[in-house]
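> what's the 3D shape of this:
(chains A and B)
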There are 2 protein chains.
Amino acid sequence: MTHTPEPPYYAVIFTSRLVDVVDGYDEMSEKMIELAAQQPGFLGVESARGDDGLGITVSYWESEEAIINWRRHAEHRVAQSTGLEKWYAEFVTRVAKVERARTFKRVAAPNSERSEKSG
Amino acid sequence: MTHTPEPPYYAVIFTSRLVDVVDGYDEMSEKMIELAAQQPGFLGVESARGDDGLGITVSYWESEEAIINWRRHAEHRVAQSTGLEKWYAEFVTRVAKVERARTFKRVAAPNSERSEKSG
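Residues are numbered from 1 along each chain as shown, chains lettered A, B, ... in the order given. Purely as a prediction, here's the structure:
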């Protein structure tokens, strides 16, 4: 899991469903995350895809400017290759400002302690 | 996938890893989502858990007030039962204001069209 600094910072919430044939998708997806991690202002990324096919990827960024720069860069790179949308049946991208965060981490099992911080 | 109104609205991004033994987790999880859906200001929820155990649930809300009311209600209900944290090795809750959204939906296959809106 991604350890982000104290808010405020930004999140890009990307939810998607894939088409049935997704040749090359995993490779593209890994490449996009690698590319993001090299960008100024990148704080981290978390990604999950369930058995029902719904995928959620949340990337975290220091500022809106960092997101805009990243998108410009990513779209340029994608345009050079294939067109991102061939893999997706549907997607929504949401840009959001993280205002508050709360973390819980289990310290030890089985007599776990509570370690919590609020931001 | 959840169809939300035009921004601004709020998102609660909940990322988690479960402990090894998760008896009753699915039931609790479903109950929490049912409960959320009954709350004033609830706009929708999306959830995915990958094979690596990382789960991401994003719920959408009309306002911060709706989130606060929901949390108060949920914590009360959870306190009556078992304590939410017994299932989690780690979690982070982030409250974020969605400022922009972009939707893509494939209209028909194989000659798909692009249907996009920006908010």
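> packing partners for the longest strand seen in chain A?
When chain A is scanned for its longest strand (criterion: DSSP state E), the result is strand A:88-106. Applying 3 or more CB pairs under 8 Å, 6 or more residues apart in numbering or on different chains; DSSP states H and E, one finds that strand A:88-106 contacts strand A:9-18, helix A:64-80, strand A:114-118, strand B:9-18, strand B:88-106. Quick note: C-beta positions are derived from backbone N, CA and C, even for glycine.
> turn the ones you listed into TSV, including distance to A:Val95, mean neighbour count and mean pLDDT.
Output for the helices and strands packed on strand A:88-106, formatted as TSV (distance: least, CB to CB, whole Å; neighbours: other CB atoms under 10 Å in any protein chain shown; pLDDT from 0 to 100):
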stretch	distance to A:Val95	mean neighbour count	mean pLDDT
strand A:9-18	6	20	95
helix A:64-80	6	14	79
strand A:114-118	24	10	52
strand B:9-18	10	20	95
strand B:88-106	4	19	92
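> columns distance to B:Gly55 on top of the ones you listed, output as a markdown table?
What follows is the helices and strands packed on strand A:88-106, written out as a markdown table (distance: least, CB to CB, whole Å):
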| stretch | distance to B:Gly55 |
| --- | --- |
| strand A:9-18 | 14 |
| helix A:64-80 | 24 |
| strand A:114-118 | 19 |
| strand B:9-18 | 5 |
| strand B:88-106 | 9 |
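> closest one to A:Gly53 among those?
Closest to A:Gly53 of those, according to CB to CB: strand A:9-18, at 5.4 Å.
> tell me which element A:Val45 falls in.
Applying DSSP states H and E as the criterion places A:Val45 in strand A:42-49.
> how about the CA coordinates for that strand, as PDB?
Output of strand A:42-49 as PDB, limited to C-alpha atoms (Å, rounded to 0.1, in the frame of the first residue of the first chain):
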ATOM      1  CA  PHE A  42       4.200  11.400  -8.300                       C
ATOM      2  CA  LEU A  43       3.500  10.100  -4.700                       C
ATOM      3  CA  GLY A  44       2.400   6.500  -5.400                       C
ATOM      4  CA  VAL A  45      -0.200   4.200  -7.100                       C
ATOM      5  CA  GLU A  46      -2.600   1.500  -6.000                       C
ATOM      6  CA  SER A  47      -4.400  -0.900  -8.300                       C
ATOM      7  CA  ALA A  48      -6.900  -3.700  -8.100                       C
ATOM      8  CA  ARG A  49      -9.000  -5.700 -10.500                       C
END
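> got the contact list for that strand?
A:1-5, A:9, A:33, A:36-37, A:55-62, A:66, A:70, B:15, B:48-50, B:54-56 (CB atoms under 8 Å, 6 or more residues apart in numbering or on different chains).
> out of those, list just those in helices.
Among the contacts of strand A:42-49, the members falling in helices are A:Ile33, A:Ala36, A:Ala37, A:Ala66, A:Trp70 (criterion: DSSP state H).
> shouldn't the fourth one be in contact with A:Pro40?
Yes - the pair formed by A:Ala66 and A:Pro40 meets the contact definition of CB atoms under 8 Å, at 6.1 Å.
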